[in-house]
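Student: next one to model:
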Amino acid sequence: MTGSHPSLPDEKIGVLLINLGTPEGTDYWSVRRYLSEFLSDRRVIEMAPFLWQMILQGIILTIRPGRSGRAYARVWDKETNESPLRRITRDQSDELRAALDDKRLVIDWAMRYGQPSIAQKLDTLQKAGCQKILLAALYPQYSATTTATAYDKAFDALRAMRWQPAIRTMAPYHDHPSYIDALKSSLEEHLSTLGWEPDTILASFHGLPKKYFEAGDPYYCHCAKTTRLLREAMAFDDDKLQMTFQSRFGPAAWLEPYTDDVLSELAEKGRKQVVVLTPGFSADCLETMDEIENESCAHFMEAGGKKFSRVSCLNASEPGISVLKELVRTDLSGWSV
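Tutor: The predicted model follows:
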């Protein structure tokens, strides 16, 4: 067969940071599109699709976009006109690129739901010459509802490629020493700025339906190990640092104890000064900046609490980027161009 081969760019190695996703705006239709994609994911909602879509399209997406849009508006970055999650994930990509400082590497980012999509960014990386790509889902604790669906989406995109790059996936890092050290450093720094001593510190993780755990999802165990290791690193007892779960959705039983229930109980017991950190979120987002900082704080105060403070996520901080740098370097080991 004759013919010239198209010219190819110099070979590179790609790293694609992946987080959950975000709507393009706070208006009803932007939020509806985002929620429709998110809540139609069968990894997220394990219900017969026909029945679930009737409920989702007929009821939930009629009501929820307005309420969620108002919540997004409270945390929306007006300067860049985007959600905090989108801005911070881009910052993490930029800071990681600078920290690695390796011309062989192309660092980029994508969202599982919304834009920029995983398929778009895989195409971009391949066109930049990346014949090897590390997929790095930014979820410390593994769950099929987060880590697995992010990689599912990437593999779906690979199916459409005639010439597929080699692929690696980053493992969960719930017990990685650098991650625990970064959480410890972040918590210690936050506590040093308060001017008061919390009676209790909550490690609040995103919730998960209990039946998913019973079916074999390791998420609860990963959260529990992160909490235990952080507790040991801080030399706290079980009472000082407690694990809770937030963001329940629907009537089914979810992992317990629930964050808001524990906050009420603490206030009723006279523990009126509380700090909350959210170790399961690699970047601040609606669930941390609004649900915890606004809604949970208000809930605690109404129950009789006096002082409440939220610890920021690791975001693009020096400790946070140091964690990502170590994880990426480890997972790229043995790859060369």
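Student: how about the strands in the stretch 151-300 of the chain?
Tutor: 166-169, 200-206, 241-246, 273-277 (DSSP state E, counting those that start in this stretch).
Student: could you give the angle of the third one to strand 273-277?
Tutor: In other words, strand 241-246. 70 degrees (axes from the mean of the first three to the mean of the last three C-alpha atoms, to 10 degrees).
Student: now do strand 241-246: which elements does it pack against?
Tutor: strand 200-206, helix 219-234, helix 259-268 (3 or more C-beta pairs under 8 Å, 6 or more residues apart in numbering; DSSP states H and E). Glycine gets a C-beta too; all of them are placed from N, C-alpha and C.
Student: which element is Leu324 on?
Tutor: Counting by DSSP states H and E, the element that carries Leu324 is helix 318-331.
Student: residues in contact with that helix?
Tutor: Taking contacts as C-beta atoms under 8 Å, 6 or more residues apart in numbering, the residues outside helix 318-331 that touch it are 15, 17, 92, 95-96, 99-100, 134, 136, 138, 168, 170-171, 173, 176, 178-179, 181-182, 185-186, 282, 313-314.
Student: now for the strands of the stretch 151-300 of the chain, which one comes closest to Ala128?
Tutor: Minimum separation from Ala128 across these (C-beta to C-beta) falls at strand 166-169, 15.0 Å.
Student: partners of that closest one, with directions?
Tutor: strand 130-137 (parallel) (DSSP bridges).
Student: so how far is the strand it pairs with from its chain's centroid?
Tutor: Its chain's C-alpha centre and that of strand 130-137 lie 18 Å apart, by C-alpha atoms, centre = their mean, to the nearest Å.
Student: quick one: residues contacting the residue nearest the centre of the chain.
Tutor: The centre of the chain sits closest to Phe281, judged by C-alpha atoms, centre = their mean, with a distance of 4.3 Å. Listed by C-beta under 8 Å, 6+ apart, the contact set of Phe281 reads His206, Glu287, Thr288, Cys313.
Student: list phi and psi for it.
Tutor: Dihedral angles of Phe281 (phi, psi; degrees, to the nearest 10) stand at phi -110, psi 120.
Student: just checking, what packs against the helix or strand containing Leu51?
Tutor: Using DSSP H and E, Leu51 falls within helix 49-55. Counting contacts by 3+ C-beta pairs under 8 Å, 6+ apart, helix 49-55 is packed against no other helix or strand.
Student: so which of the strands of the stretch 151-300 of the chain is the most surrounded?
Tutor: strand 200-206 (a mean of 25; mean count of other C-beta atoms under 10 Å).
Student: ok, what's across the strand from the nearest residue to Met170 once chain neighbours are set aside?
Tutor: Nearest residue to Met170, sequence neighbours excluded (C-beta to C-beta, 6 or more residues apart in numbering): Ala136, at 4.2 Å. Beta-bridge pairing for Ala136 (DSSP bridges): Leu17.
Student: test my guess that Ala136 contacts Arg168.
Tutor: No. Using C-beta atoms under 8 Å, Ala136 is not in contact with Arg168; the gap is 9.2 Å.
Student: how far is stretch 204-220 from where the chain is centred?
Tutor: 15 Å.
Student: follow-up on the earlier one: just the buried ones from the contacts of helix 318-331?
Tutor: When the contacts of helix 318-331 are checked for burial by 16 or more other C-beta atoms under 10 Å, the buried set is 15, 17, 92, 95-96, 99-100, 134, 136, 138, 168, 170, 173, 176, 178-179, 181-182, 185-186, 282, 313-314.
Student: among those, name the ones in helices.
Tutor: Gln92, Glu95, Leu96, Ala99, Leu100, Ser178, Tyr179, Asp181, Ala182, Ser185, Ser186 (DSSP state H).
Student: I'd like to know how many residues surround the closest residue to the fourth one other than its chain neighbours.
Tutor: It refers to Ala99. Once flanking residues are discounted, Ala99 sits nearest to Lys325: 4.8 Å by C-beta to C-beta, 6+ apart. As a burial measure, Lys325 scores 17 neighbours (other C-beta atoms under 10 Å).
Student: with adjacent residues omitted, what lies nearest to Ser143?
Tutor: Closest to Ser143 by C-beta to C-beta, 6+ apart is Tyr219, at 4.0 Å.
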